[in-house]
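Participant: Next one to model:
(2 chains)
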Amino acid sequence: MKVKSFPIFQKQHVAHQQTEWKKGRITCSSMRSCVRKVEWISVEGKVPPGRREFMPAEVPLVTVEAGSPFRRIGEEVTWLPLYFRLTLFVKNTHYGSAMIPMDLFDRFLFAFTIGSHIILVTMSITLIVLISASEFIGTRNNNSYYMALSRRLTKVFVVSFGVGTASGIVMAVELVNLFPGFMTLVSKTGVIALFYAEVFAFFLETMALVIYVYYRNAFKGKYTHWVISLFVGAGTIGSAVFITMVNAWMNSPNGFNIPLYVSSGTLSSINPWAPFITPTTLAQVAHVITTTIFTGSMFIGAYFALRYIRTKDPDEKTFFRGGLKLSGAMSIVFIILSGLTGSHEMGTLLVNQPLKYAALDLNLHPGSGMPERLFGYLVNGQFVGGLEIPNIQALLAQFETGISYLPGLLQYPQTDWPPLWVHTTFDIMVTGGLLLGLFLFIYFVMWAMKKKPYEKRFILYGQGVLGAASLIVYELGWITDEVGRQPWIVYNVMRVSSAANYTTTLLVPGLFIVAFYIFLIPVTFYFFSRVFNGTPLSVELKKGFEEGGVNY
Amino acid sequence: MGSVLLLLFWKASSKRVLDYIVPIWEVTGTFGAFWVVITDFAFPNILIPASKLYAVALMLFLILFVARNSTIVFGEYIIKKRWLDHKKLYQMYSLSTIALGIIALTIFSSIISGSGINIEAGYFSVPQWIGSAGSIPFILGALLIGVGLAPVFYGLHPFRKITLPVTAAGVALSSISFYFSSPGLVTPLIAVPIVLTILVPVLFMYQKTAALVSNKLVFSIVATAILFSMSFLVYPTAFGRTLNVDDFTTSGPMSGAFLIITAVGGIMLAVMVYFYLVAVKRSQLAREPAA
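Facilitator: Numbers count the residues shown, from 1 in each chain, chains lettered A, B, ... in the order given. Modelled structure (predicted):
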C-alpha cells in the first residue's frame, strides 16, 4: 500500500491578537482516501472569557464526509480525496476540533462580492456626475445632443442604482453574516453611526432620484430639474464618502480605549463621533472619490469611443463626440486629482500604517535612503526580479511627510505581515495609473492644440483599451488597500480570524451568491447597453426639452 | 401585496399596481438597508447569534433581493426581445418578492415562537420549524392578509368581493398560529389588530367608505397601527418568550448618538418625503388638461 503524506496545519488562538499556525503532517494510505488519527494535543485556549464572543461557540467542523460532522482532537477521521484534503485545516480552539477554514471562505466571499459591487458603484457615481454635467451644458446651450445624453445616461443610472442598491444590501448583510465579531465591535462603537448616516445619504439619493426620473414635469424653472440632479449626486457621493469613512476607521481605528480592548476585550471610553474623522479619513475619502470618478469616466468614455468609431450616422457621431468631450475632460481633471490624492494617501499610510507601507514598498529592513523597488519579490531576504531606483522612495517620503527613516517589515512580528504580493498589485496600480496619466497628457496636449483627439482613431482605440484597463487598476487599488491590512480586519485591534463566522452552512449559499454575481454583472452591463440604445437617437433629439425622461 | 396580484391577475391589475410600484421600488429597497443598519445599531449583542442562526436564510434573502431589484429595473426599461418582455420580468420580480416575503416571515415566525431554534448550538432547523403547529399557519395567514388587503391599497374595485373572506381567513390563521406558537401571546390585546385588519376590507365593500380606506395615507396609518399592536403582543420577548430583547439593546453613549442621528436623519427624511409629495402633486396637476 502506497503511503502518502500531506501537510496540515494547526491554528492556535494563543491570545486574541495572536494566532499561530503549527505545521504538521497526516499520513494517508491512498490518493482516494486515508484514515488517520488527528494527533494534535488539545491546548486549552488562553483566551480570556471576555474575548470568547469572537470564538466559535461550537465548532461546526468538517462536513466533507458522511456521518457526524463533529470532530475532536484525537478522533479518527476519514479524509476525502486530495482536493478536499488540501483545503482541510485542523483548528484548535478552546474546544479543540477540526474544521474547514471558514474564515478564508468568508474572506473570499466578501472580497468577491465587494469586488463586483465596486464596479456598479463606480458606474453610479460617475454616471450621476456625467448626467448632471450634460444636463447643465444642454440646458445652458440649448443643446439637444447633451440633453439626449443626459436622458440616456439617466436610464443607465436607474439600472445601475437598482442593481447596486440590492448589491449594497448584500454587503450590509454579508458583513453581519460573515464577520459578526467585526460587526459587533462596529455596532458597539461609533462606526455604526457612519453606516447609519450613510443610509440617510442613501435616502437622499433615492428620493431625489425618484423625483428626478419620474416627475420631470413637476418643475417649471429652467434649471430646477438640473438642481435635483445635484441632490442625487450629493446622496450618491455622500453614501460613498460614509462607507469610505468606515474603511478609513478600519485602517486607523479610534473612538474607544483600544489598549484595554485589545488586552481584555472590554469596550470603554466610547466616543460615537470619533470615527467620523480618523487620521486617515480625509486622505482616503479624497483618493477614493477622485479615483472612482476617474475610473468611471475612462470606462464610459471607452464605450463612447468604440461607438463613435462604429457609427456612420452623423447625428450619432455628434452625440458620441459630445460624450467623449465630457468624459475626456472629466478623465483629465480626475487623473490629476487622483495622482495628488494618491501621493497624499501614501504619506498618510507611512504615518499611520507603517507595516502596510513597508509591505507595499517591500522594505525588509528599516532605514534611510531607501530605493524605490519596482516589482520583484523577496527570496531569503534578498530583493530579486525587479528594478531598484536608488533613493527615490526616500525622496518621495521626505517630500510628502518629512520622514526620512522608513519602516521595514522586520520591525514587526512576521505573523502580522500582510501577503507580500501586495507589493506587486501596488506596483501594477501605480504603473497603470502613470500610463493612464501619460495617455491623458497626450490627449490634453492635442486638445489644447485644437487637434480634436476625440476624433482621432488611434486615440479612440487607445481609450477603448485603457478604459477597461482603468477598471483593473482601480480594482487592484482596492485589493492593495484591503489585502495590505491583513491579517487585521481592524488594524492592530481585531484579526479577520477573530471576526469571522465559522458556520459551515454558509458554504453552499455563499457559492450560490458567487455564481449569481458571475451571472448578474455581465447581464447588468448588457442591460446598460440595451437601455442606453433603447430609444432611437432621432426620437431622443426630438424630445429636446419637453417633459420626458424614462418610459413611465 | 402587489406581487401576488401581478402574478395571478396580470391583466386586471398590472396597470394599477405598476403605477404604484414602479416609482417607489427604489425607496422600498432603501428602507431594507435602513432596517439592516438600524438593527445593527439597536441590537449589537444579537449579531453573533443571529448570524449563526440565520446564516443560510440571510444568504438566500440576499440573492432574492438582488433578483427582485434587477428584474424590476430591467422590466422597467426593456424593449421586447424574443421571449423576454415586461410581463415576464415583472412576474420574475413578483416571484422573487414573494419568496423574499416567505423567508422574512419564516425568520419572524421563528423569532416569535422559537420553533426550530437552538440558540446554544447556533442552529435553526427548518424541518423542526415546519413541524411546529404554528409555523405554516403563520406564513399562510400573513400571505392571505397581504393578498386580501392588496385590492384595497391599489383601489382595485373588481376584487372587492374577495377581500373580506381572504383577509378573514388570513386573520383566523394568524391568530391560530399565535396561539400555537405560544399561548401566552394570545391576550385580550390581540383584538386590536384583528378588528383593525377586518375593518379595512369591510369598509372597502361599501362605495361611500371605499375611497376613504383606499386613501394611501389612511391605509398606511391603519397598517402601521395593525403592525404595532401585533408587535406589542410579542415585544419585548423573543423565541417563544424565552428571551428578553431589551437585554440586547445598545447602551451608554451609543444610545445618545443613535437618538441624535435618528432625529436629524428623520427630519431630513420627512423633508424629502414632503418634497416627493409636492412633486407628485405638481406632476398630477401638470398632466391634467387645463380647465
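Participant: Show me the residue at the heart of the chain, geometrically.
Facilitator: No chain in the question, so chain A it is. Ranked by distance to the mean C-alpha position of chain A (C-alpha atoms, centre = their mean), the top residue is residue A:478 at 4.2 Å.
Participant: sorry, should have said chain B
Facilitator: Centre-most residue of chain B, counting by C-alpha atoms, centre = their mean: residue B:101, 7.2 Å.
Participant: Okay, and residue A:378 sits in which element?
Facilitator: strand A:372-379 (DSSP states H and E).
Participant: Give the other helices and strands that that strand contacts.
Facilitator: Packing contacts for strand A:372-379, counted by 3 or more C-beta pairs under 8 Å, 6 or more residues apart in numbering or on different chains; DSSP states H and E, involve strand A:382-389, helix A:392-401, helix A:422-448. For the C-beta atoms, the positions are set from N, CA and C on the backbone; glycine is no exception.
Participant: quick one: it to helix A:422-448, angle?
Facilitator: Using axes from the mean of the first three to the mean of the last three C-alpha atoms, to 10 degrees, the direction of strand A:372-379 lies 150 degrees away from that of helix A:422-448.
Participant: wait, what's in contact with residue A:235?
Facilitator: When contacts are counted by C-beta atoms under 8 Å, 6 or more residues apart in numbering or on different chains, residue A:235 touches A:201, A:202, A:203, A:204, A:205, A:206, A:207, A:208, A:209.
Participant: right, I mislabeled it, should have said residue A:480
Facilitator: Neighbouring residues of residue A:480 by C-beta under 8 Å, 6+ apart: A:360, A:422, A:425, A:426, A:429.
Participant: My guess is the residue nearest to the centre of chain B contacts residue B:145. True?
Facilitator: No. Using C-beta atoms under 8 Å, residue B:101 is not in contact with residue B:145, being 11.5 Å away.
Participant: So which of the contacts of residue A:235 are in helices?
Facilitator: A:201, A:202, A:203, A:204, A:205, A:206, A:207, A:208, A:209 (DSSP state H).
Participant: which of those lies closest to residue A:122?
Facilitator: residue A:205 (15.4 Å; C-beta to C-beta).
Participant: for the closest one, what are its contacts?
Facilitator: Residue A:205 neighbours (C-beta under 8 Å, 6+ apart): A:161, A:232, A:234, A:235, A:236, A:238, A:239.
Participant: Just name the closest of those to residue B:118, please.
Facilitator: residue A:239 (37.8 Å).
Participant: in the stretch 51-200 of chain A, which spans are strands?
Facilitator: Taking DSSP state E, counting those that start in this stretch as the test, the strands found in the stretch 51-200 of chain A are A:76-79, A:89-92, A:97-99.
Participant: helix/strand/coil for the closest residue to residue A:115 other than its chain neighbours?
Facilitator: Nearest non-adjacent residue to residue A:115, counting by C-beta to C-beta, 6 or more residues apart in numbering or on different chains: residue A:475, 6.1 Å away. Three-state call for residue A:475 (DSSP: H, G, I helix; E, B strand; the rest coil): helix.
Participant: From residue A:149, how far off is residue A:475?
Facilitator: 27 Å (C-beta to C-beta, to the nearest Å).
Participant: helices or strands next to the helix or strand harbouring the residue nearest to the centre of chain B in the packing?
Facilitator: Using DSSP H and E, residue B:101 maps to helix B:86-113. Here helix B:86-113 touches helix B:2-8, helix B:10-42, helix B:55-77, helix B:126-131, helix B:135-154, helix B:160-181, going by 3+ C-beta pairs under 8 Å, 6+ apart.
Participant: mean confidence for the fourth one?
Facilitator: The predicted model assigns helix B:126-131 a mean pLDDT of 88.
Participant: Taking strand A:382-389 as reference, get the angle to the strand holding residue A:378.
Facilitator: Using the same axes, to 10 degrees: strand A:372-379 against strand A:382-389 is 170 degrees.
Participant: just how off-centre is strand A:372-379 within its chain?
Facilitator: 24 Å (C-alpha atoms, centre = their mean, to the nearest Å).
Participant: Stretch A:394-410 too?
Facilitator: Put simply, stretch A:394-410 sits 26 Å off its chain's centre (C-alpha atoms, centre = their mean).
Participant: same question, stretch A:514-522
Facilitator: On C-alpha atoms, centre = their mean, the centre of stretch A:514-522 falls 17 Å from that of its chain.
Participant: list the buried ones in that stretch?
Facilitator: By 16 or more other C-beta atoms under 10 Å in any protein chain shown, the buried positions in stretch A:514-522 come out as A:516, A:517, A:520, A:521.
Participant: and the residue nearest to the centre of chain B, what pLDDT?
Facilitator: Value for residue B:101, per-residue pLDDT: 89.
Participant: quick one: it from residue B:259, how far?
Facilitator: For residue B:101, the distance to residue B:259 - C-beta to C-beta - is 31 Å.
Participant: Ok, residue B:24 next?
Facilitator: Counting by C-beta to C-beta, the gap from residue B:24 to residue B:259 is 28 Å.
Participant: Just want to know which of the two has more residues nearby.
Facilitator: residue B:24 (16 against 10; other C-beta atoms under 10 Å in any protein chain shown).
Participant: For the more buried one, list the residues it contacts.
Facilitator: Each residue near residue B:24 by C-beta under 8 Å, 6+ apart is listed here: residue A:210.
Participant: Kindly state the pLDDT recorded for it?
Facilitator: Looking at residue B:24, the pLDDT reads 75.
Participant: Tell me the secondary structure at the closest residue to residue A:496 other than its chain neighbours.
Facilitator: Distances taken as C-beta to C-beta, 6+ apart put residue A:489 closest to residue A:496, at 4.6 Å, once the chain neighbours are dropped. Using three-state DSSP, the structure places residue A:489 in strand.
Participant: Tell me where the model's unsure across the stretch 151-291 of chain B.
Facilitator: Applying pLDDT under 70 to the stretch 151-291 of chain B flags the ranges B:287-291.
Participant: before we move on, the earlier item: would you mind finding the most buried of the helices and strands packed on strand A:372-379?
Facilitator: helix A:422-448 (a mean of 18; mean count of other C-beta atoms under 10 Å in any protein chain shown).
Participant: That helix - contacts with which helices or strands?
Facilitator: Secondary-structure packing of helix A:422-448 (3+ C-beta pairs under 8 Å, 6+ apart): helix A:314-352, helix A:354-360, strand A:372-379, helix A:457-485.
Participant: Now do the second one: distance to the chain's middle.
Facilitator: Yep, that's helix A:354-360 we're talking about. 18 Å.
Participant: so the longest helix along chain B versus helix B:10-42, what angle?
Facilitator: As assigned by DSSP H, the longest helix anywhere in chain B is helix B:253-287. With the same axes, to 10 degrees as the basis, helix B:253-287 and helix B:10-42 are set at 150 degrees to each other.
Participant: Helix B:253-287 near chain A at all?
Facilitator: Yes. Judged by C-beta under 8 Å from any C-beta of the partner chain, helix B:253-287 comes into contact with chain A through B:253-254, B:256-258, B:261-262, B:264-265, B:268-269, B:272-273, B:275-276, B:278-280, B:282-283, B:286-287.
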